[in-house]
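Undergrad: Need a 3D model of the sequence below.
(one chain, ligands or ions: 1)
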Amino acid sequence: MENSLLALLKCNACQKIALSDRGSSLVCTHCGHAYRVIHGKPVMYENEAINGIERGESHEVPWRFAELLADEHKRGLNLGAGNSVKPRPNIINVDYLLYKNGDLAVDAHNLPFADGAFDVVASFNVFEHLSDPLRVSQEIFRVLKPGGKLIIHTAFLQPLHMEPHHFFNATEYGVRYWFRQFDVERIEVSPNFSPLLNLAWIASIIQAGAKFLDDTDREKISQLTLDELARFWRDTSTGREVVWDSEIFNLSQKLPVSTRNAVGGGFELEASRPGFVGE
Ligand SMILES: [Zn+2]
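TA: Numbering: from 1, shown residues only. Take a look at the predicted model:
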């Protein structure tokens with residue numbers, strides 16, 4: 001393991017920078033905690049399920065990340081890198097599993113890095129999958145140098161994906177809330193998130209769900225135009241809004257539960273507080 005990486009690593013058991021490379025493990029010389037090393041890649045949190053290197057597909061990293069790290073003396077962290085190829089060598093790739101192109105397995109909520117270890121942190125298509133995004137934002141803040149840069153891609157109206165590990169789709173204001181400790185310089189919809197592309201994803205899921213309907217209903221859903229849908233929502237010529245007993249509404253009710261859960265507009269939850277209800 002490279003000494004430059006070892007010098008950045010924090011023992012999450014005792015919070016000290018005191019890890020020693022023992023080949024098949026990293027051992028903390030302060031508290032004695034041992035971290036497994038698999039095929040040269042440390043596993044920095046408890047996850048017995050990690051026993052090898054994931055194959056995983058490799059997403060291309062947005063060019064802006066590489067641009068921010070053009071200075072070779074800077075150091076970058078790609079949080080949730082999956083199997084992405086590093087666009088520059090001065091980047092550390094981490095994910096919750098080990099990948100061929102990854103360096104370490106980490107829990108994003110407890111990053112095993114020293115304070116101020118990085119000049120740039122990137123995290124692409126990860127935050128919707130985190131159980132506590134605010135906590136991870138605070139961890140990124142901690143491991144960034146003062147003045148360090150953050151670049152994030154995260155979901156807003158995307159359909160359900162990677163379930164059950166898809167927790168929070170955020171509006172612009174939700175994203176701003178998650179990263180409120182930072183000075184936001186720019187927040188915009190990047191080309192990969194553009195509206196028609198997103199609508200196409202949703203449409204493809206609805207079309208797949210419509211396969212479970214009878215031929216007539218499936219054909220009706222498939223032939224719906226943007227114009228018909230827009231007028232179903234609100235007919236601008238008459239001012240009439242959604243008609244709850246119209247053909248489109250009724251077709252929508254026939255779509256299977258998996259489709260409703262993937263691209264529905266929201267959920268109705270009914271719950272009870274556990275415990276005995278008295279007479
Ligand atoms: Zn320790």
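
Undergrad: what sits up against the helix-or-strand element of the chain with minimal mean pLDDT?
TA: When each helix and strand of the chain is scored by mean pLDDT, DSSP states H and E, strand 240-241 comes last, with a mean of 79. With contacts defined as CB atoms under 8 Å, 6 or more residues apart in numbering, strand 240-241 is touched by 233-235. Placement of C-beta: from N, CA and C, glycine included.

Undergrad: run the last query once more with 6 Å
TA: By CB atoms under 6 Å, 6 or more residues apart in numbering, the surrounding residues in contact with strand 240-241 are Arg234.

Undergrad: cool, stretch 66-83 as well?
TA: Stretch 66-83 is contacted by residues 56, 58, 87-88, 90-95, 99-102, 108, 118-123, 126, 149 when judged by CB under 6 Å, 6+ apart.

Undergrad: For that stretch, list every residue counted as buried.
TA: 66, 68-69, 74-83 (16 or more other CB atoms under 10 Å).

Undergrad: got the CA positions of it in PDB?
TA: Extracted in PDB, the C-alpha atoms of stretch 66-83 (Å, rounded to 0.1, in the frame of the first residue of the first chain):
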ATOM      1  CA  ALA A  66     -10.400  15.900 -13.600                       C
ATOM      2  CA  GLU A  67     -10.200  19.600 -14.400                       C
ATOM      3  CA  LEU A  68     -10.200  20.500 -10.700                       C
ATOM      4  CA  LEU A  69      -7.300  18.100 -10.200                       C
ATOM      5  CA  ALA A  70      -5.100  19.200 -13.100                       C
ATOM      6  CA  ASP A  71      -2.500  20.300 -10.500                       C
ATOM      7  CA  GLU A  72      -0.800  17.000  -9.800                       C
ATOM      8  CA  HIS A  73       0.100  18.100  -6.200                       C
ATOM      9  CA  LYS A  74      -3.600  18.200  -5.400                       C
ATOM     10  CA  ARG A  75      -5.400  15.200  -4.100                       C
ATOM     11  CA  GLY A  76      -8.900  14.100  -4.900                       C
ATOM     12  CA  LEU A  77     -11.400  11.700  -3.400                       C
ATOM     13  CA  ASN A  78     -14.100  10.000  -5.500                       C
ATOM     14  CA  LEU A  79     -16.700   8.900  -3.000                       C
ATOM     15  CA  GLY A  80     -18.900   6.100  -4.300                       C
ATOM     16  CA  ALA A  81     -16.700   5.600  -7.400                       C
ATOM     17  CA  GLY A  82     -17.900   2.100  -8.100                       C
ATOM     18  CA  ASN A  83     -15.600   0.700 -10.700                       C
END
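
Undergrad: Pull up the pairing partners for the longest strand belonging to the chain, direction included.
TA: For the chain, the strand that runs over the most residues, judged by DSSP state E, is strand 144-153. Neighbouring strands of strand 144-153 in its sheet, by DSSP bridges, are strand 118-124 (parallel).

Undergrad: Just flag the most distant two among the buried residues of stretch 66-83.
TA: Based on CB to CB, the longest span within these runs between Lys74 and Asn83 and measures 23.3 Å.

Undergrad: for the protein, what are the low-confidence residue spans?
TA: Low-confidence segments of the chain (pLDDT under 70): 279.

Undergrad: longest helix anywhere in it?
TA: Longest helix of the chain, by residue count under DSSP state H: helix 195-210.

Undergrad: Now the element after that one, going C-ward?
TA: helix 215-223 (DSSP states H and E).

Undergrad: Residue numbers of this structure in contact with the ion?
TA: Residues of the chain that fall close to the ion, judged by CB under 5 Å from the ion: 11, 13-14, 28, 30-31, 33.

Undergrad: run the last query once more with 8 Å
TA: Neighbours of the ion within the chain, by CB under 8 Å from the ion: 11-16, 18-19, 28-33.

Undergrad: out of the residues you listed, which are buried?
TA: Counted by 16+ other CB under 10 Å, the residues of the chain next to the ion give 11-12, 18-19, 28, 33 as buried.

Undergrad: Most widely separated two among the residues you listed?
TA: Greatest spatial distance among these (CB to CB): Asn12 and Ala18, at 11.8 Å.

Undergrad: you'd agree Tyr35 is in a strand?
TA: Yes - the assignment for Tyr35 is a strand, going by DSSP: H, G, I helix; E, B strand; the rest coil.
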